[in-house]
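**Student:** Sequence and predicted structure below; questions after.
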Amino acid sequence: PAITYELIKQDPATGARAGIIHTPHGSFPTPIFMPVGTQASVKGVSPEELHDMGAGIILSNTYHLFLRPGSDLVREAGGLHKFMNWDGAILTDSGGFQVFSLGDLRKITEEGVTFRSHIDGSKKFLSPEVSMKVQMDLGSDIVMAFDECIPYPADYDYAKASTARTTRWAQRCKEVMTSPHQGLFGIVQGGMYKDLRTRSVNELVEMDFPGYAVGGLSVGEPKELMYEMLDHTVEQLPKDKPRYLMGVGTPDCLVEGVMHGIDMFDCVFPTRVARNGTAMTWNGRLVMKNAEFTSDFRPLEEGCDCYACRNFSRAYIRHLVRANEIFGLRLLSLHNLRFLQRFMHEMRQSIIEERFGEFRRNFLDNYNYG
Ligand SMILES: CC#C[C@H]1NC(N)=Nc2cc3[nH]c(NC)nc3cc21
Ligand SMILES: [Zn+2]
């Protein structure tokens, strides 16, 4: 199979685990954070810089590339790896979430979804078959099933019907996803209802996907509810397959997700807050335009080995941010992405050395959520 999971160490006290995921474009250690390159670019960061920071896999989006430049052009370029000159692994989301969160939704039928493009308002149609065709054109290593996104909150009957449709759509994806070099992950839905989550898990596990995502979380629900759903859902998933928590998240959510047995994460957070002039550190965030950094000639974070911390000071980056210099935002993106790679590496080491519990308590005690 195109995608395989190798368990390295299971934490004896929690669901946390360390592993390796093998793909046609290389293997990477888990738990892992995937930089988001929605439109075939991790904003402001080059493929070489992604390699230098240790990124093994990045995420891109079917919805966006389907609308612009269109998957035919990317196929003609030889696929997304060639088009963006990235030779590591790529995961593409299916459009299931973006069409609900970005598109001007027109109609949902059993066949698929009709919507207006958020770019030019033109009428578009996405379905399990179209999403799979686009992702085969893109040639991503991990393909996400086309799911129906349940908004939060949603009543039981709506969640039940929608989850049943997501299962039928997953079957249709499986039937047309014929590329031997691509692995199709099922997406567990079920809203915030434990019985529906269990049903969704059982129906998808029946189809024997090479990996599973927990969908329908990080959609505006309270964190406690997200953790409760995670706790209930992840333990029912196969231990020999990767688990991916979509759209998560901030460092505190990454620790809790790992504790519940999640292997893969993605979030726009590091590059988005970078563009808002904020640096991520082990003790919380630094808002760089604050006066406190005016004459602070230390690096963003002592001990960080990123390009920004090796070459520039907080004072210089504060100046760039206040002067609206693009280079300042690039430096913050490079630092924040490298911070997350270091963060996940430390967490993985703590699992291997059987001190994850200590890592988690230590981190949560010192991290001010500010
Ligand atoms: C409902 C549902 C659902 C999931 N379905 C697909 N295909 N992608 C997702 C991406 C997400 N990003 C975030 N938070 C930023 N939550 C997500 C959930 C999904
Ligand atoms: Zn740094």
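**Tutor:** Sure thing, it's come through. Values in this document were obtained by computation on a predicted structure and should not be read as measured data. Ligands and ions are numbered 1, 2, ... in the order given.
**Student:** and the protein, which residues reach ligand 2?
**Tutor:** 304, 306, 308, 309, 335 (Cβ under 5 Å from the ion). C-beta: built from backbone N, CA, C; applies to glycine.
**Student:** between those residues, which is closest to residue 48?
**Tutor:** Taking Cβ to Cβ as the measure, residue 48 lies nearest residue 306 of those, at 13.8 Å.
**Student:** quick one: the closest one and ligand 1, what's the gap?
**Tutor:** Using Cβ to the nearest ligand atom, to the nearest Å, one gets 24 Å for the distance from residue 306 to ligand 1.
**Student:** and that residue, what is it in contact with?
**Tutor:** When the contact criterion is Cβ atoms under 8 Å, 6 or more residues apart in numbering, the partners of residue 306 are 53, 334, 335, 338, 339.
**Student:** wait, the fourth one sits on residue 50?
**Tutor:** No. Between residue 338 and residue 50 no contact is recorded; they are 10.1 Å apart, counting by Cβ atoms under 8 Å.
**Student:** of those two, who's got more company?
**Tutor:** Relative neighbour count places residue 338 above the other of residue 338 and residue 50, with 24 against 21, counting by other Cβ atoms under 10 Å.
**Student:** pretty sure residue 354 belongs to a helix, no?
**Tutor:** No. Per DSSP: H, G, I helix; E, B strand; the rest coil, residue 354 lies outside any helix segment and is coil.
**Student:** Which helix or strand in this protein has the lowest average pLDDT?
**Tutor:** Across the helices and strands of the chain, mean confidence by mean pLDDT, DSSP states H and E is lowest for strand 104-108: a mean of 84.
**Student:** So what does residue 275 have for phi and psi?
**Tutor:** phi -70, psi -20 (degrees, to the nearest 10).
**Student:** what does this structure have sitting close to ligand 1?
**Tutor:** Residues of the chain that fall close to ligand 1, judged by Cβ under 6 Å from any ligand atom: 93-94, 96-97, 144, 147, 149-150, 187, 215-216, 218-219, 246-247.
**Student:** from the residues you listed, which is closest to residue 133?
**Tutor:** Nearest to residue 133 out of these is residue 94 (Cβ to Cβ; 11.5 Å).
**Student:** list the contacts for the closest one?
**Tutor:** By Cβ under 8 Å, 6+ apart, the contact set of residue 94 is 62, 131, 135, 143, 144, 145, 146, 147, 173, 187.
**Student:** And for residue 174?
**Tutor:** Contacts for residue 174 (Cβ under 8 Å, 6+ apart) come out as 145, 184, 207, 209.
**Student:** Strands along the stretch 51-200 of the chain, start to end?
**Tutor:** Counting by DSSP state E, counting those that start in this stretch, one finds strands in the stretch 51-200 of the chain at the ranges 57-61, 89-93, 104-108, 113-116, 123-126, 142-144, 183-188.
**Student:** May I see those strands arranged in JSON lines, with mean neighbour count as well?
**Tutor:** As requested, the strands of the stretch 51-200 of the chain are exported to JSON lines (neighbours: other Cβ atoms under 10 Å):
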{"stretch": "strand 57-61", "mean neighbour count": "25"}
{"stretch": "strand 89-93", "mean neighbour count": "26"}
{"stretch": "strand 104-108", "mean neighbour count": "13"}
{"stretch": "strand 113-116", "mean neighbour count": "20"}
{"stretch": "strand 123-126", "mean neighbour count": "17"}
{"stretch": "strand 142-144", "mean neighbour count": "29"}
{"stretch": "strand 183-188", "mean neighbour count": "28"}
